[in-house]
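A.B. asks: Quick one, structure for this:
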Amino acid sequence: MMRYVVPRLETERLIMRAHVESDIESEIEFYQTDASETVGGPMEPTDVWRYISMMMGHWALRGYGFWALEEKATGIYLGRAGPWMPMGYDEPEIGWTLMNHATGKGYATEAALAARSYAYDVLGWETAVSLTLPDNIASQAVAKRLGATLERTFESKYGTAQVWRHPRPDDLENGGMEAYA
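C.D. replies: Numbers count the residues shown, from 1 in each chain. Predicted coordinates:
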C-alpha cells in the first residue's frame, strides 16, 4: 500500500494539516453556493468527495498539495491552500479556497504565505503563480497582499483566467522564511 505524509504546518492562527473525511461536509455545503463558481462549482456532493480525494492524491503523486486549514482557536475547518501543479498546468501554482464563513478575515493570505514559503524553502521552487477569475476581486486582493502582480490573462476550457506572478524567492525578504512554524 502506498503511503504519503502531509506535513503539518502552523501559522499564528491556523493549523495546516491533511484533509480528513469530516472536512468534506463543509466542502459539500460550500459547493452548493454561488461562491463556489470561482472554483468549479456548484457541484453535486459525490463530485465534491471525488474532488477532495483528487487533491489528497496530489500529495501522493507530487509530494505536495493543498492543506486543510483549521482555525487553531476553535478547530473549525476553514478551507484549503497549498502548492499545486496537476497535469496540464504550465507552471506551479499557490492556490487557496475558503469556506464562506472564513472569508474576509485574512486566513487566505496567512495560509497562502505559508504555502508559498514551503514551496520556495522546502520544495525549492523558483517561481509560482496564482490563478484567479477576472471577477474574483477577493482572490486578486490576496494575490496583491502576497506581492504578486497581474502578468496576463488567458483562455482555458474553463473560461478566462488571470495569472498573478509571485515574487521569486530571492526577491523576498529572508527568502520567505519564518512564514510557518
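A.B. asks: from here on, contacts and neighbour counts on C-alpha atoms
C.D. replies: Noted.
A.B. asks: In this protein, where is pLDDT below threshold?
C.D. replies: Residue ranges of the chain with pLDDT under 70: 1-2, 174-181.
A.B. asks: helices or strands up against the lengthiest helix in the chain?
C.D. replies: The residue-count maximum for a helix in the chain (DSSP state H) belongs to helix 45-62. Packing contacts for helix 45-62, counted by 3 or more C-alpha pairs under 8 Å, 6 or more residues apart in numbering; DSSP states H and E, involve helix 23-30.
A.B. asks: what's the angle from the helix it packs on to helix 45-62?
C.D. replies: Going by axes from the mean of the first three to the mean of the last three C-alpha atoms, to 10 degrees, helix 23-30 is angled at 130 degrees with respect to helix 45-62.
A.B. asks: can you list the residues that contact helix 23-30?
C.D. replies: With contact meaning C-alpha atoms under 8 Å, 6 or more residues apart in numbering, helix 23-30 is reached by 36, 43-45, 48-49, 52, 68, 77, 79, 99-100.
A.B. asks: Just give the nearest non-adjacent residue to residue 133, would you?
C.D. replies: residue 161 (4.8 Å; C-alpha to C-alpha, 6 or more residues apart in numbering).
A.B. asks: same thing with residue 98?
C.D. replies: Per C-alpha to C-alpha, 6+ apart, closest to residue 98 is residue 79, 4.3 Å.
A.B. asks: isn't there a helix covering that neighbour?
C.D. replies: No: Residue 79 sits outside any helix when classified using DSSP: H, G, I helix; E, B strand; the rest coil, being strand.
A.B. asks: these two touch, right, it and residue 97?
C.D. replies: Yes: using C-alpha atoms under 8 Å, residue 79 is in contact with residue 97, at 5.6 Å.
A.B. asks: Neighbour count: the two, which is higher?
C.D. replies: residue 79 (29 against 23; other C-alpha atoms under 10 Å).
A.B. asks: any chance of the contacts of helix 23-30 in JSON lines, with distance to residue 165 too?
C.D. replies: Rendered in JSON lines, the data for the contacts of helix 23-30 read as follows (distance: C-alpha to C-alpha, whole Å):
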{"residue": "36", "distance to residue 165": "23"}
{"residue": "43", "distance to residue 165": "29"}
{"residue": "44", "distance to residue 165": "32"}
{"residue": "45", "distance to residue 165": "33"}
{"residue": "48", "distance to residue 165": "28"}
{"residue": "49", "distance to residue 165": "30"}
{"residue": "52", "distance to residue 165": "26"}
{"residue": "68", "distance to residue 165": "24"}
{"residue": "77", "distance to residue 165": "28"}
{"residue": "79", "distance to residue 165": "22"}
{"residue": "99", "distance to residue 165": "24"}
{"residue": "100", "distance to residue 165": "26"}
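A.B. asks: Tell me the most packed of the residues you listed, by neighbour count.
C.D. replies: Counting neighbours by other C-alpha under 10 Å, residue 79 leads these with 29 neighbours.
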